[in-house]
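Engineer: 3D, please:
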Amino acid sequence: MSIVRFENVSRIYRSGDHELRALDRVSFTLDEGKFVVILGPSGAGKSTLLNLLGGLDSPSEGTITVSGADISKLTDNELADYRASAVGFVFQFYNLIPTLTVYENVKLVSEISKNALDAKEMIGRVGLLDHLNNFPSELSGGEQQRISIARALCKNPKILLCDEPTGALDSGTGVMVLKLLLDMARNYGKTIVIVTHNQNIAKMADVVIRVKNGRIRSVEEQAAPLSADEVEW
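Structural biologist: From the prediction side, this is the model:
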């Protein structure tokens, strides 16, 4: 079942007479519960695409539909509600609040999401229940990233958006994080969208969207994607 639809979406930035098309007439659909990788070099338009899907930016042209609702026409307040309820964000740098404990960082989501899940349950799902009272500075990079995923999942989002989620991690820890994200798609029905330039991550995807110069070069469905353990890192 389709959950995301981009139709002729462009994002144009203007400065005086100069025009930059960060995205140029992009169209694709994504099905619910898929592990999706958006692949391309720096400056290709990957992050712009992610920002539009996450409601952090609005298209200059075209429509973006999520679960049947056209988010490209939402007001700022409506976009804030959309971000709070429908999408979770996982970034390369973890954005945890240093003065809050692990539990407090995850529990904080319940103040902005009406359908938030239990914070302890989500921390347990990422295997870090024994770190509830630790502060972010007391965790390894991989542990901090797993907590950022727990926080994103605690919102109970339909879609989890990940911008280079393993970029700051060593390969072993990165594989651990990718296994967790893959599990969220396979066993919990979340639509996972990862922006990366890492070709290895693309081997794990149900769908690979290749972006270059603001345009979709291809949308490839992989019938038998590899597991994280099968990929040579």
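
Engineer: just say helix, strand or coil for the closest residue to Asp57 other than its chain neighbours.
Structural biologist: The shortest distance from Asp57 to any non-neighbouring residue, by CB to CB, 6 or more residues apart in numbering, is to Asn51 (4.3 Å). The C-beta positions use only the backbone N, C-alpha and C, and glycine is treated the same way. Following DSSP: H, G, I helix; E, B strand; the rest coil, Asn51 is assigned to helix.

Engineer: separation between Asn51 and Leu181?
Structural biologist: From Asn51 across to Leu181, the span is 19 Å (CB to CB, to the nearest Å).

Engineer: for Arg5, same thing?
Structural biologist: From Arg5 to Leu181 the distance is 23 Å (CB to CB).

Engineer: more crowded one of these two?
Structural biologist: Neighbours were counted for Arg5 and for Leu181 using other CB atoms under 10 Å; Leu181 has more, 22 against 17.

Engineer: ok so, going back, quick check: the residue nearest to Asp57 touching Pro59?
Structural biologist: No. Using CB atoms under 8 Å, Asn51 is not in contact with Pro59, being 10.3 Å away.

Engineer: so for the two, which sits in the more crowded spot?
Structural biologist: Pro59 (21 against 18).

Engineer: is the more buried one in a helix, a strand, or coil?
Structural biologist: State at Pro59, reduced to three classes by three-state DSSP: coil.

Engineer: where do the strands sit along the chain?
Structural biologist: 2-15, 18-31, 35-39, 61-66, 69-70, 87-91, 159-163, 191-196, 207-212, 215-221 (DSSP state E).

Engineer: which residue is nearest the middle of the chain?
Structural biologist: By CA atoms, centre = their mean, the chain has its centre lying nearest to Leu161, at 1.1 Å.

Engineer: identify the single longest helix in the chain, thanks.
Structural biologist: Looking across the chain with DSSP state H, the single longest helix is helix 171-188.
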